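Colleague: 3D model of this:
(one chain, ligands or ions: 1)
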Amino acid sequence: MDEIDVVRTLNETDKKILTMLAEKSLTVSEIEAQTPLDKSSVLNSARKLFSKDVIKLATLSSVQYSLTDLGANYHRTGLPECILAKLLIKRSSITYKDLYSLSGLDEKEFSAAIGSLKKANAIEISSVISGNLDKLNHVIERAKLLDSVGKGESLKETPELSDMIKRGIIKVDTDLQQNLEITEFGRKILQHKEFNNLSVDKLNYDVIKNWKDFSFREYDLNAEVPQSVIGRKNIKVEFASLIKDVLVSMGFSEMHSNYAESTFWNFDVMMFKQNHPDRDIQDTVYIDAGRATVPKKILNNVMSVYESGFSDGKYNRSIGQRMDFDTKKSDVLILRGHTTSTTFRYIAHYIAKSPEKPFKFFSIDKVFRNETMDATHLLELYQIEGIVYDDNLTLRDLTAYIKEFYKRIGIDQIRLKPTYNPYTEPSLEIQGFSPDLGRWVELGNSGIFRPETLRPLGITKNIIAWGFGMERMLNLRIGLDDIRKLYGAFADLDLLRDVQVGKIFKGSP
Ligand code: PHE
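Modeller: Modelled structure (predicted):
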């Protein structure tokens, strides 16, 4: 386009911004701060100026760290591990009990602090605890990190820093900014003799009447429309519907439920201990929206098995957790951490009501984890849950379902490994081989529900069940190294436009 054509398509906002940029390049929020314009008007102009080569755009990202409430508290009182380190430096060895009472920490903080010192190889525990002076001094240095964050200094990404983020002591605030810079062509536009003509882009009675006295903003009717404007479904949605087809073809019906869930259906019904680390604020997303309603009868049954087990014959008996069950911990609202909560709702509401019929259920739904996002961890992820209820189900049935499912998805190289789950026994972890990473990666988890989880609902047959991570499976299918490319601020738009998830593979005849 010639200079004159470009000049005539600029409105007053565009011109104002361009004039500002002639002096120095600015970010969108700087322009916002120096003009009465709002963000979307600045962005609109920026896009237009960019499409006409008048300016260059660059994305700047700035990362800032700040102390959470917990962090501010530790900044005042000292980090638990530093408190212990200081005590240990003064003594060559001390018993666990003495250290605990000297520290003044509560039980949970104390054991976390011991864990953290162990991880740093700063202590050795036998009948007494003895410390390594160098390493303990190193641990004490961690306090400096809190000072720097408190002062708003910029920081390097160290393992210590990510550890503190994970522990909820420091939080990250990322800011993405578009930086606008005028081009050579832009400078020519600025000097064009028509640049300062007032160009009209809104018509009114006066303007129409005296139209000869005005110059009008021109619209570029021949502008090319970029191909990428054409949309398609996000690959995750496409992949989920492919999986749905596979599971429906295997005879499963779909379950639905809500993101918000009670700790009862997420944990208690599965016999998670009420002080289980998964319930920690670091792993679970709590929501401040009142209390949940929990079905009284099932709650009482769960409480009874939790506290003292059950017995229905010589071989089928359990001693339970042998701990008091606190009903106040059952109606807390959270964002569900797994869809096994949905599974148990369906067991209670469908299977328990017709225990003579066989059932097969699945769900593909979002779950939430309070994690630090990186190449293999997301805060929101899709889980593929499945259960089978029938007579005489065994581990062989479970492995057969899993292998058949992955085969139909097109992932052949999988292996199963014994693992531990509070609510299944036996339990199997599913691993898939990633040629891109050259190693086996965890894809999911499965097992046979423990009788303790089923008796309170009145179920006496076996139920086999699994939960697979959808994003990791998708990574294997399309050979992706970083989950963040699929979704959110780091999405790779070219990849999302071009990638193919492919077809369903035929299963065993
Ligand atoms: N809930 C488990 C998880 O989140 C998966 C699972 C489901 C395991 C059912 C066993 C049985 O990883």
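
Colleague: all strands for the stretch 101-250 of the chain, in order.
Modeller: 123-125, 129-131, 170-182, 199-200, 215-216 (DSSP state E, counting those that start in this stretch).

Colleague: Can you say which of those strands is nearest to residue 274?
Modeller: strand 123-125 (26.9 Å; Cβ to Cβ). To be clear about C-beta, it is placed using only N, CA and C from the backbone, and glycine gets the same treatment.

Colleague: For that closest one, buried residues please.
Modeller: Residues residue 123 are the ones in strand 123-125 that count as buried (16 or more other Cβ atoms under 10 Å).

Colleague: Parallel or antiparallel, list what pairs with that strand.
Modeller: When pairing is defined by DSSP bridges, strand 123-125 lines up against strand 129-131 (antiparallel).

Colleague: Can you point out the buried residues in the strand it pairs with?
Modeller: Taking 16+ other Cβ under 10 Å as the criterion, strand 129-131 shows 129, 131 as buried.

Colleague: Can you give the contact residues for it?
Modeller: 85, 88-89, 92-96, 99, 114, 117, 122-124 (Cβ atoms under 8 Å, 6 or more residues apart in numbering).

Colleague: And it, how far out from the chain middle?
Modeller: Counting by Cα atoms, centre = their mean, to the nearest Å, strand 129-131 is centred 38 Å from the centre of its parent chain.

Colleague: circling back: is there a quick ChimeraX command that grabs whichever of the contacts of strand 129-131 are buried?
Modeller: Those of the contacts of strand 129-131 that count as buried under 16+ other Cβ under 10 Å are selected in ChimeraX with:
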select :85,88,94,99,114,117,122,123
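
Colleague: what about residue 501, neighbour count?
Modeller: If you count neighbours by other Cβ atoms under 10 Å, residue 501 ends up with 17.

Colleague: Looking at the stretch 251-400 of the chain, which residue is nearest the ligand?
Modeller: In the stretch 251-400 of the chain, the residue that lies nearest the ligand is residue 338 (3.4 Å; Cβ to the nearest ligand atom).

Colleague: about what we covered before: need the contacts of strand 129-131 in a markdown table with distance to residue 199, can you?
Modeller: Formatted as a markdown table, these follow (distance: Cβ to Cβ, whole Å):
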| residue | distance to residue 199 |
| --- | --- |
| 85 | 69 |
| 88 | 75 |
| 89 | 74 |
| 92 | 83 |
| 93 | 83 |
| 94 | 80 |
| 95 | 83 |
| 96 | 79 |
| 99 | 77 |
| 114 | 71 |
| 117 | 69 |
| 122 | 70 |
| 123 | 74 |
| 124 | 78 |
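
Colleague: which one of the contacts of strand 129-131 is nearest the ligand?
Modeller: Nearest to the ligand among these, with distances taken as Cβ to the nearest ligand atom, is residue 114, at 27.5 Å.

Colleague: Report the contact partners of that closest one.
Modeller: Contacts of residue 114 by Cβ under 8 Å, 6+ apart are 84, 123, 125, 129.

Colleague: What sits closest to the residue in the stretch 51-200 of the chain that the ligand sits nearest to if chain neighbours are left out?
Modeller: Nearest residue of the stretch 51-200 of the chain to the ligand (Cβ to the nearest ligand atom) works out as residue 166 at 18.8 Å. Closest residue to residue 166 apart from its sequence neighbours, by Cβ to Cβ, 6 or more residues apart in numbering: residue 372 at 5.3 Å.

Colleague: Look up how far residue 417 lies from that neighbour.
Modeller: 26 Å (Cβ to Cβ, to the nearest Å).

Colleague: ok, the nearest residue to residue 124 once chain neighbours are set aside to residue 89 distance?
Modeller: Once flanking residues are discounted, residue 124 sits nearest to residue 130: 5.4 Å by Cβ to Cβ, 6+ apart. As judged by Cβ to Cβ, residue 130 and residue 89 stand 11 Å apart.

Colleague: same thing with residue 477?
Modeller: 53 Å.

Colleague: Torsion angles phi and psi at the closest residue to the ligand within the chain?
Modeller: Across the chain, the shortest distance to the ligand (Cβ to the nearest ligand atom) belongs to residue 467, at 2.6 Å. Main-chain torsions, residue 467, degrees, to the nearest 10: phi -140, psi 120.

Colleague: list the contacts for it?
Modeller: The neighbours of residue 467, taking Cβ under 8 Å, 6+ apart as the test, are 338, 339, 340, 383, 384, 385, 444, 445, 446.

Colleague: again, but for residue 433
Modeller: 413, 414, 415, 439, 440, 441.

Colleague: Show me which pair in the residues you listed is furthest apart.
Modeller: 414 and 439 (13.6 Å).

Colleague: which of these two has more neighbours?
Modeller: Set side by side, residue 414 and residue 439 show more neighbours around residue 414, with 18 against 9, by other Cβ under 10 Å.

Colleague: quick one: contacts for residue 59?
Modeller: 176, 177, 178, 179.

Colleague: Is the second one bridged to anything, and to what?
Modeller: Applying DSSP bridges to residue 177 yields these beta-bridge partners: residue 60.

Colleague: That one: neighbouring residues, count only.
Modeller: 15.

Colleague: ok, back up a step: please list which of the contacts of residue 114 are also close to the ligand.
Modeller: Among the contacts of residue 114, no residue is within reach of the ligand (Cβ under 6 Å from any ligand atom).
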